[in-house]
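> structure here, sequence nowhere to be found:
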């Protein structure tokens, strides 16, 4: 029975199919809301799933001179990292399937595999668009990774633990969004920059460099990279809700809080035009990291 339970957790929920379908559902909600704000109808409910199935059925073309093992393996590693990270977060307002002291740090770095694999995917090809996109993706990773981690450490320090499940329980009834407003803003913008959501999508600017680092990808590889981004969006919204919005202890509060955050990201996506790579990196690295270091110092002083 224990083995069956473990298999269900990994394959069905919260890992595997449950996380994939949840990511696709949130992708649809974001696209639909964006369309309505722009006076368009938007996609059908099953459109993200249909797009995924269509890509999985297409022929995957491997460019000349590319290592096939890396070309096919990088999307799998990125998706595996995102699905593994989902095991440590309170998806649907339920307790994490697994947890250990310090799993917050592990989860953040598992989520970083998407950007690292995207950058490597662009660097192993000879296309100029791919290389420019890879350089932008890796540069943006270094700019947003540290501020995002520091922002999530704020509630962790206040709760006295670096375990996601324990932080979620400690945050119940406490709006760290009010107590740590700078951390909340930095975490939300950091998530958008991390997964390259507009207006922080300079690494894949279609009007400049086609599809950025993924220009040479098609079929299954492109499908896995796109799916990974949807999964990480869901996980990121869950973490921010659990840490800053009073925790997520049951499905209704989970839906309300994560969809509210999704609406906020869509509003920023619609209102702000795409930023240049220097705007998305230099200013954010300089001020975002500095503000978070000051906030952590303030937390340590006041808590002590």
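Nice, thanks for sending it over. Keep in mind it's a predicted model, so treat the numbers as computed, not measured.

> can you give me the helices for the stretch 1-150 of the chain?
2-11, 16-37, 47-56, 68-85, 103-111, 113-123, 128-159 (DSSP state H, counting those that start in this stretch).

> pLDDT averaged over stretch 188-197 - what is it?
Averaged over stretch 188-197, pLDDT sits at 85.

> contact partners of it?
Applying Cβ atoms under 8 Å, 6 or more residues apart in numbering, the contact partners of stretch 188-197 are 111-112, 114-115, 137, 140-141, 143-145, 147-148, 151, 200, 202-204, 229, 232-233, 236-237, 240, 261, 264-265, 268-269, 280, 284, 288. Quick note: C-beta positions are derived from backbone N, CA and C, even for glycine.

> try stretch 221-232
With Cβ under 8 Å, 6+ apart, stretch 221-232 has contacts from 19-20, 22-24, 26-27, 48, 51-52, 55-56, 60, 71-72, 74-76, 78-79, 81-83, 85-86, 111, 114, 117-118, 121, 194-196, 214, 217.

> who wins for proximity to residue 251 among the helices of the stretch 1-150 of the chain?
helix 16-37 (11.4 Å; Cβ to Cβ).

> relative to helix 2-11, how tilted is that closest one?
If you take axes from the mean of the first three to the mean of the last three Cα atoms, to 10 degrees, helix 16-37 sits at 20 degrees to helix 2-11.

> show me which positions of helix 16-37 end up buried.
16, 18-20, 22-24, 26-34 (16 or more other Cβ atoms under 10 Å).

> pull up the distance across stretch 96-109, start to finish.
17 Å (Cα to Cα, to the nearest Å).

> now do the buried residues in that stretch.
Buried-residue list, stretch 96-109, by 16+ other Cβ under 10 Å: 96-97, 99, 103-104, 107-108.

> farthest pair in those residues?
Checking the buried residues of stretch 96-109 with Cβ to Cβ, the most distant pair is 97 and 108, at 17.7 Å.
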